[in-house]
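>>> Based on what follows, work out the 3D shape:
(2 chains)
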Number of protein chains: 2
Amino acid sequence: MKLFSFWRSLATFRVRIALELKGIEPEVVDVDLFKGHQREAEYRAVNPQMLLPALIDGDGPPLFESLAIIEYLDETRPEPPLLPKEPRARARVRALAQIVACDSHPLVVPRVRGYLERELGLDEATRTRWIHHWIGESLKALETHLAGSRDTGRYCQGNAITIADICLVSHTVGAELFKYDTAPFPTVRRIVDACMQNQAFVRAHPLAQPGAPKSV
Amino acid sequence: MKLFSFWRSLATFRVRIALELKGIEPEVVDVDLFKGHQREAEYRAVNPQMLLPALIDGDGPPLFESLAIIEYLDETRPEPPLLPKEPRARARVRALAQIVACDSHPLVVPRVRGYLERELGLDEATRTRWIHHWIGESLKALETHLAGSRDTGRYCQGNAITIADICLVSHTVGAELFKYDTAPFPTVRRIVDACMQNQAFVRAHPLAQPGAPKSV
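Presented below is the predicted three-dimensional model:
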């Protein structure tokens, strides 16, 4: 397997966690988002959308979109499962993951931050306020869902790690990278702390990747 | 089943299509996004995130996030299936759906348009440019994927309707509501036209819902 990755990409972080949990060690191709390498012809041939991550499994065409890739990994390498068996529980896990992957993260990715800066001419303070606003909105939603449901256990859904935990960790690590304080979200923090006991999450962490700074 | 819906909500449109395809006629509860009814206590108790759609099936807690709801419907009412059987094909369908539901639609929803207007003080022309930019980016990505793959058939994936088609139709109808010209995307248009031959898509259309204007 070949993973197109960049240390700072939170969507790729999710796929890295899933690969680690499944015990898969892919060949890693670095695509430096800060240097615009995602817009070069070589990567455009892999993913015309010029977004990370992409994953190539065997000779198949590249897989794209982090949640689609993770479900593919779960369907083709079922152990350990990243979704529960029961349909309502699966729906809850997917919905929690989508609060991150649909409602929040797309608003703070590089291309959107670039538009705010270059097309709208917003200064850094205003851009940071934008980022913090959307991170905060989704953390509020996640905390409310997680604190208010009996389905929540050691992890988002009971006591097994699922796609919801993967997204929750990517989101809170992203919040930290953007200097957003996650302390007001105790259930989120408790679950993230539990996940970080698992070395798969530690090894997949943005700051543990090649090219990453020691801290931010 | 009880669907919390509003004619103009494109995410709810997706769930309405899935319900129509499955032959399910839910009780519909109108939540007027234009009047802010999603922020009232009654709906907050259903979905603390104050977003549409939400679906209640039996006595279970409300389901939320359109893609999670559609996969739930597909798992609990398998006929007709909305995902192919083969993992790579499933991944492609989900990824195409996520180009809409993750990369594009979240950037043009009411709460984001509201932030652009009220917090950033952007005028209508600038807000429209924002909306058109992100709709255009994703239509380009979708056209490239669909035109360039032998997996594309009458529909996004072969000759059966999937979640990708549901998202593609919601996206192009959204583009039309925002007066964005989809003519430069012939493969997208061809597939959408094929979908609109199916009465499930016609009946679920925003302008066919109670409270909708005759045209926009």
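>>> Please enumerate the helices of chain A.
Defined through DSSP state H, the helices belonging to chain A, from first to last, are A:10-22, A:41-44, A:66-76, A:87-101, A:110-114, A:124-147, A:163-177, A:186-195, A:199-204.
>>> Domains in chain A, by residue range?
A:2-80, A:87-204 (automatic domain parsing).
>>> Mind putting the helices of chain A into a markdown table with distance to chain B and mean neighbour count?
C-betas here are computed from N, CA, C, even on glycine. Below are the helices of chain A laid out as a markdown table (distance: least, C-beta to the nearest C-beta, whole Å; neighbours: other C-beta atoms under 10 Å in any protein chain shown):
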| stretch | distance to chain B | mean neighbour count |
| --- | --- | --- |
| helix A:10-22 | 9 | 25 |
| helix A:41-44 | 9 | 12 |
| helix A:66-76 | 4 | 23 |
| helix A:87-101 | 4 | 25 |
| helix A:110-114 | 7 | 16 |
| helix A:124-147 | 4 | 18 |
| helix A:163-177 | 10 | 24 |
| helix A:186-195 | 13 | 18 |
| helix A:199-204 | 20 | 17 |
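>>> With mean pLDDT added, can I get those helices in TSV?
As requested, the helices of chain A are arranged in TSV below (pLDDT from 0 to 100):
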stretch	mean pLDDT
helix A:10-22	98
helix A:41-44	92
helix A:66-76	98
helix A:87-101	97
helix A:110-114	94
helix A:124-147	97
helix A:163-177	97
helix A:186-195	98
helix A:199-204	98
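>>> could you dump those helices to TSV with distance to B:Val93?
Compiled in TSV, those are given as follows (distance: least, C-beta to C-beta, whole Å):
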stretch	distance to B:Val93
helix A:10-22	18
helix A:41-44	22
helix A:66-76	8
helix A:87-101	15
helix A:110-114	24
helix A:124-147	25
helix A:163-177	17
helix A:186-195	29
helix A:199-204	26
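>>> Out of these, which is closest to B:Glu71?
helix A:87-101 (6.2 Å; C-beta to C-beta).
>>> Please name the residues that touch A:Gly148.
When the contact criterion is C-beta atoms under 8 Å, 6 or more residues apart in numbering or on different chains, the partners of A:Gly148 are B:Pro48.
>>> And it, how far from A:Tyr180?
22 Å (C-beta to C-beta, to the nearest Å).
>>> Adding distance to B:Arg8, write the domains of chain A out as a markdown table.
A markdown table is the format used below for the domains of chain A (distance: least, C-beta to C-beta, whole Å):
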| stretch | distance to B:Arg8 |
| --- | --- |
| domain A:2-80 | 26 |
| domain A:87-204 | 18 |
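>>> From A:Ala68, how far off is the nearest residue to A:Gly60 once chain neighbours are set aside?
In space, not counting the residues next to it along the chain, A:Gly60 is nearest to B:Arg88; the distance is 5.5 Å by C-beta to C-beta, 6 or more residues apart in numbering or on different chains. B:Arg88 is 10 Å from A:Ala68, where distance means C-beta to C-beta.
>>> again with A:Tyr43
Between A:Tyr43 and A:Ala68 the distance is 18 Å, computed by C-beta to C-beta.
>>> any residues touching stretch A:131-141, and which ones?
Applying C-beta under 8 Å, 6+ apart, the external contacts of stretch A:131-141 come out as A:99-100, A:103-104, A:107-108, A:113, A:171-172, A:174-175, A:178, A:180, A:182, A:184-185, A:188, B:48-49, B:111, B:115, B:119.
>>> wait, doesn't A:Thr162 sit right on A:Leu82?
Yes - using C-beta atoms under 8 Å as the test, A:Thr162 is close enough to A:Leu82 to be in contact (5.5 Å).
>>> quick one, what contacts the residue nearest to A:Ala97 when sequence neighbours are not counted?
In space, and not counting its chain neighbours, A:Ala97 is closest to A:Cys167: 4.2 Å by C-beta to C-beta, 6+ apart. Neighbouring residues of A:Cys167 by C-beta under 8 Å, 6+ apart: A:14, A:67, A:96-97, A:99-101.
>>> swap the cut-off to 10 Å and go again
Going by C-beta atoms under 10 Å, 6 or more residues apart in numbering or on different chains, A:Cys167 touches A:10-11, A:13-14, A:17, A:66-67, A:70, A:93-94, A:96-101, A:104-105, A:138, A:142, A:156.
>>> same deal with A:Leu63?
Counting by C-beta under 10 Å, 6+ apart, A:Leu63 touches A:1, A:3, A:15, A:47, A:53-57, A:69-70, A:72-73, B:87-88, B:91-92, B:94-95.
>>> can you do 8 Å?
Contacts were defined as C-beta under 8 Å, 6+ apart; by that measure A:Leu63 touches A:54-57, A:69, A:72, B:88, B:91-92, B:95.
>>> what's the answer for A:Asp74, then?
Counted by C-beta under 8 Å, 6+ apart, A:Asp74 has contacts A:18, A:81-83, A:163.
>>> And stretch A:195-204, end to end?
Using C-alpha to C-alpha, to the nearest Å, the end-to-end distance of stretch A:195-204 comes out at 12 Å.
>>> what's that stretch in contact with?
Around stretch A:195-204, the neighbours that count as contacts under C-beta under 8 Å, 6+ apart are A:13, A:16-17, A:19-21, A:155, A:161, A:165, A:168-169, A:208.
>>> same thing but 7 Å
A:13, A:16-17, A:20-21, A:161, A:165, A:169, A:208 (C-beta atoms under 7 Å, 6 or more residues apart in numbering or on different chains).
>>> Next: stretch A:28-46.
A:2-6, A:8-9, A:50-52, A:54, A:62, A:110, A:210-211.
>>> gap between the two ends of that stretch?
Per C-alpha to C-alpha, stretch A:28-46 runs 14 Å from first to last residue.
>>> That stretch: which residues count as buried?
With burial defined by 16 or more other C-beta atoms under 10 Å in any protein chain shown, the residues of stretch A:28-46 counted as buried are A:28-29, A:31, A:33, A:37-38, A:43, A:46.
>>> Please produce CSV containing those residues, extended by distance to A:Phe201.
Rendered in CSV, the data for the buried residues of stretch A:28-46 read as follows (distance: C-beta to C-beta, whole Å):
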residue, distance to A:Phe201
A:Val28, 17
A:Val29, 22
A:Val31, 22
A:Leu33, 22
A:His37, 26
A:Gln38, 25
A:Tyr43, 27
A:Val46, 26
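>>> from the residues you listed, which ones fall inside strands?
A:28-29 (DSSP state E).
>>> Spit out the contact partners of the nearest residue to A:Ser138 once chain neighbours are set aside.
Once flanking residues are discounted, A:Ser138 sits nearest to A:Ser104: 3.5 Å by C-beta to C-beta, 6+ apart. Applying C-beta under 7 Å, 6+ apart, we find A:Ser104 in contact with A:134-135, A:138, A:171.
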